[in-house]
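A.B. asks: For reference, the sequence and a predicted model appear below.
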Amino acid sequence: MNATPTDPVSDFARLKLSAAALGNLTQLGYTAMTPIQAASLPLTLAGQDLIAQASTGSGKTAAFGLPLVDKLDAARMSVQALVLCPTRELADQVTQEIRRLARAVGNIKVVTLCGGVALRGQVISLEHGAHVVVGTPGRILDHLERGSLSLQTVQTLVLDEADRMLDMGFLDDITKVVQQCAANRQTLLFSATYPEGIAQLAQRFMRQPQTVTVQAQHSDSKIRQVFIEVKDNERLDVVSRVLNHFRPESTLAFCNTKQQCRDLVAVLQAQGFSALALFGELDQRERDQVLIQFANRSCSVLVATDVAARGLDVAQLDAVINVDVTPDPQVHIHRIGRTGRGEAEGLAVSLASMDEMGSVGKIELLQGRESAWTMLGALTPSSGGQLRPPMATLQIVGGRKEKIRAGDVLGALTGEAGFTREQVGKINVNEFSTYVAVERSVAAQAVAKLSAGRVKGRSVKVRLMEDALGR
Ligand code: ADP
Ligand code: MG
């Protein structure tokens, strides 16, 4: 769902925003509002409580970030806005976006409070003062209970990815946190889907909320949808036939259950594909590693449940495969909307057994058109050999803690080691590790050169993150 830059009615300038805010948006390259922004900003900038539903990647962060930032008073050192998010990853993304938007106001302190990080550093940050707090409900509650955080002066409360927070069992924590927020606040609730629990949340915590929903409308020309009838026992095998036929460079494969995810990854890996699974039960480091390898193009297939994939923002997704058809047609629209972003064409392949034809019917009803079916026999393996991702990931021991920056790694690879800039892909510097994507054909060589050489004047431990086959 991309904004159309030429659409004059969706221009930010028609909103009640300061000249500085408008200038900042132009600098960010935000020339036109996305549909959810166009629908919600006139209401939220006027101070209304709002429930907003729109799919991932539709620009929800700025939709709540702009009214939140608009009300900030930089001169007043108190927590004026609180954003609750389900995971650290999402909290980090929201923090970054709010920092970008707050440039218009000047010196604004945004503090992220999530679990998995020592409390002490967070307490010190809070003592230095914060205008905006972004974090997960559990950790924020910890700070409230220790007295290191007060929410008495909160003017804007945001529940981001509210559906996922409910899925994750945060209702009690959210309730306790909201009860400590100032009563005369604006409350904004953002969600990709609208399950039962959301209405209850809204009833308890919001004042006459307005509701805006932006239905993902994918045009036929952008996303090619293909349905294939399968028997349940051939489903996993058909996934590899789909991959060999269409040869997408990166694919997100959705399963309805965790067990199906596990089974599919095992089958794909056994057949030589580079596939990884995203599970709820991965720890944060494992989850980071999976997402990094997928985003830097060194993993071809990411297998996930809807819950695990929520909030994932990966550009350049060539295909979505619905390994199982979802019983909720809204979820189907949401899934396939991950591909065909921007100018790119997308492919969505759905495997449906006889038992799932009822769900397919619901999807057809919602989309207002019949599905296009392809016969299994039409899937022909292409002659290109094993589908492999273009890149491979090297893990370097040492990260932010060692003050390593992306430039240091790029410098080491393109300097003494003699690689070209084009052979090096994304570089992610985490707290204790750095991940760098390099062209697959030079991966082993890059490990050898980096291990023998120096990064930031020091020798480092480097390993190739092996996918299933260690190739
Ligand atoms: P969501 O929370 O709905 O999943 P995000 O807020 O993360 O979506 O936005 C997705 C991407 O779109 C981000 O990279 C963001 O910077 C960008 N974006 C948001 N609004 C605009 C806009 N009006 N114009 C251009 N890019 C935008
Ligand atoms: Mg979001």
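C.D. replies: Noted; the coordinates are in hand. Ligands and ions are numbered 1, 2, ... in the order given.
A.B. asks: Please count neighbours and contacts with C-alpha atoms only from this point.
C.D. replies: Fine.
A.B. asks: quick one, what contacts the residue of the stretch 351-471 of the chain found nearest ligand 1?
C.D. replies: Closest contact between the stretch 351-471 of the chain and ligand 1, by C-alpha to the nearest ligand atom, is at Lys426 (16.3 Å). Contact criterion C-alpha atoms under 8 Å, 6 or more residues apart in numbering gives 296, 436-437 as the residues in contact with Lys426.
A.B. asks: After the host helix or strand of it, which helix or strand is next?
C.D. replies: Using DSSP states H and E, Lys426 maps to strand 424-429. Using DSSP H and E, the helix or strand that follows strand 424-429 in sequence is strand 433-439.
A.B. asks: now that next one and strand 424-429, what's the angle there?
C.D. replies: Using axes from the mean of the first three to the mean of the last three C-alpha atoms, to 10 degrees, one finds that strand 433-439 and strand 424-429 are set 170 degrees apart in direction.
A.B. asks: Pull up the pairing partners for strand 433-439, direction included.
C.D. replies: Counting by DSSP bridges, the strands paired with strand 433-439 are strand 391-397 (antiparallel), strand 424-429 (antiparallel).
A.B. asks: what's the single longest helix in this structure?
C.D. replies: Of all the elements of type helix in the chain, the one with the most residues (DSSP state H) is helix 88-102.
A.B. asks: In three-state terms, label Leu157 for me.
C.D. replies: The three-state label for Leu157, taken from DSSP: H, G, I helix; E, B strand; the rest coil, comes out as strand.
A.B. asks: I figured it hits Val83, correct?
C.D. replies: Yes - Leu157 is within contact range of Val83, at 6.0 Å (criterion: C-alpha atoms under 8 Å).
A.B. asks: could you dump the strand holding Lys426 to CSV, C-alpha only?
C.D. replies: In CSV, the C-alpha atoms belonging to strand 424-429 read as follows (Å, rounded to 0.1, in the frame of the first residue of the first chain):
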residue,chain,number,x,y,z
VAL,A,424,29.8,-6.6,0.2
GLY,A,425,26.1,-6.4,1.2
LYS,A,426,24.3,-5.3,4.3
ILE,A,427,26.2,-4.9,7.5
ASN,A,428,24.4,-5.2,10.9
VAL,A,429,26.2,-4.2,14.0
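A.B. asks: quick one: average pLDDT of that strand?
C.D. replies: For strand 424-429, mean pLDDT rounds to 92.
A.B. asks: and what of stretch 271-286?
C.D. replies: For stretch 271-286, the per-residue pLDDT values average out at 87.
A.B. asks: what's the answer for stretch 325-338, then?
C.D. replies: What stretch 325-338 shows for mean pLDDT is 89.
A.B. asks: what do you get for stretch 91-105?
C.D. replies: Across stretch 91-105, the average pLDDT comes to 94.
A.B. asks: Name the surrounding residues that touch it.
C.D. replies: Applying C-alpha under 8 Å, 6+ apart, the external contacts of stretch 91-105 come out as 20-21, 23-25, 28, 61-62, 65-66, 69, 72, 74, 84-85, 108, 110-112, 114, 134-136.
A.B. asks: Just these: which are in strands?
C.D. replies: Where these overlap with strands, as defined by DSSP state E, the overlap consists of 84, 110-112, 134-135.
A.B. asks: out of those residues, which one sits closest to ligand 1?
C.D. replies: Taking C-alpha to the nearest ligand atom as the measure, ligand 1 lies nearest Leu84 of these, at 12.9 Å.
A.B. asks: what bridges to the closest one?
C.D. replies: Gly135, Leu159.
A.B. asks: Residues of the protein that sit close to ligand 1?
C.D. replies: Along the chain, the residues adjacent to ligand 1 under the rule C-alpha under 6 Å from any ligand atom are 30-34, 55-62, 311.
A.B. asks: coming back round to it: in a markdown table, list the strands paired with strand 433-439 along with distance to Arg146.
C.D. replies: Formatted as a markdown table, the entries for those read as follows, by distance: least, C-alpha to C-alpha, whole Å:
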| stretch | distance to Arg146 |
| --- | --- |
| strand 391-397 | 35 |
| strand 424-429 | 32 |
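A.B. asks: Domain-wise, how is this structure divided?
C.D. replies: Structural domains assigned to the chain are 2-213, 223-378, 391-468, following automatic domain parsing.
A.B. asks: what stretches of this structure score poorly on pLDDT?
C.D. replies: Within the chain, the stretches with pLDDT under 70 are 1-10, 215-221, 311, 313, 315, 342-343, 467-471.
A.B. asks: can you tell me how far the residue sitting nearest the centre point of it sits from Leu90?
C.D. replies: Geometric centre of the chain, nearest residue: Leu312, 2.2 Å, by C-alpha atoms, centre = their mean. Taken as C-alpha to C-alpha, to the nearest Å, the spacing of Leu312 relative to Leu90 amounts to 9 Å.
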